[in-house]
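Student: Only the shape, not the letters, is given here:
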């Protein structure tokens with residue numbers, strides 16, 4: 001598991017640099033879903049492959065998750081927002097240990113089968129929510145960027161000019177206040 005995670009973290013970093021953080025999160029999470037039976041020991045003699053895949057695909061992307069989270073929030077609220085996201089996730093996941101045996105009892109699934117259903121649902125929700133978030137924030141879908149709104153380029157240029165002017169004014173003020 002640990003060797004798989006080590007390789008997965010490095011691979012996710014490379015993918016994030018080349019293809020973006022979204023791809024580095026969604027692809028391994030999605031690929032882990034069909035590998036769950038190996039990870040959960042449901043295929044005789046191949047649990048070691050499942051352990052490596054579980055580390056690489058199931059948690060290897062954890063190294064790039066903070067990149068996505070920090071990019072979502074303005075720096076003035078970033079620490080509080082990330083703390084809130086983390087603790088909401090912890091609150092939801094606190095019920096999973098009770099959910100798995102209850103699911104197994106009510107459905108007749110083996111414990112490993114119930115774990116697989118819950119893990120697949122979690123991985124699918126992760127991939128789906130990251131893709132939805134990308135579409136909401138950027139307008140991009142898996143087919144590519146959405147059409148640009150009329151005037152968006154002019155607005156962006158105006159905002160860049162305003163920011164450059166503000167930086168120039170701050171530099172002038174700083175130079176005036178520095179001792180000679």
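Tutor: Arrived safely. The structure displayed is predicted, hence computed values, not measured ones.
Student: for the protein, which spans come out with low pLDDT?
Tutor: Scanning the chain for pLDDT under 70 picks out the ranges 139-152, 180.
Student: Would you state the helices of it in chain order?
Tutor: Here the chain has its helices, by DSSP state H, at 2-19, 21-39, 47-53, 65-72, 78-93, 96-107, 111-138, 152-177.
Student: Now tabulate the ones you listed in TSV and tack on mean neighbour count and distance to residue 59.
Tutor: C-beta here means a position set from N, CA and C on the backbone, and glycine is covered the same way. Below are these laid out as TSV (neighbours: other Cβ atoms under 10 Å; distance: least, Cβ to Cβ, whole Å):
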stretch	mean neighbour count	distance to residue 59
helix 2-19	16	5
helix 21-39	20	9
helix 47-53	18	11
helix 65-72	14	10
helix 78-93	11	14
helix 96-107	13	15
helix 111-138	15	11
helix 152-177	10	38
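Student: for this protein, which residue is closest to the average position?
Tutor: Central residue of the chain (Cα atoms, centre = their mean): residue 65, 4.4 Å from the mean position.
Student: quick one: that residue and residue 86, what's the gap?
Tutor: According to Cβ to Cβ, to the nearest Å, residue 65 stands 10 Å off from residue 86.
Student: got it, and residue 10?
Tutor: In this view, residue 10 and residue 86 are 24 Å apart by Cβ to Cβ.
Student: repeat for residue 15
Tutor: Taking Cβ to Cβ as the measure, residue 15 falls 23 Å from residue 86.
Student: for stretch 11-22, the distance to its chain's centre please.
Tutor: Counting by Cα atoms, centre = their mean, to the nearest Å, stretch 11-22 is centred 11 Å from the centre of its parent chain.
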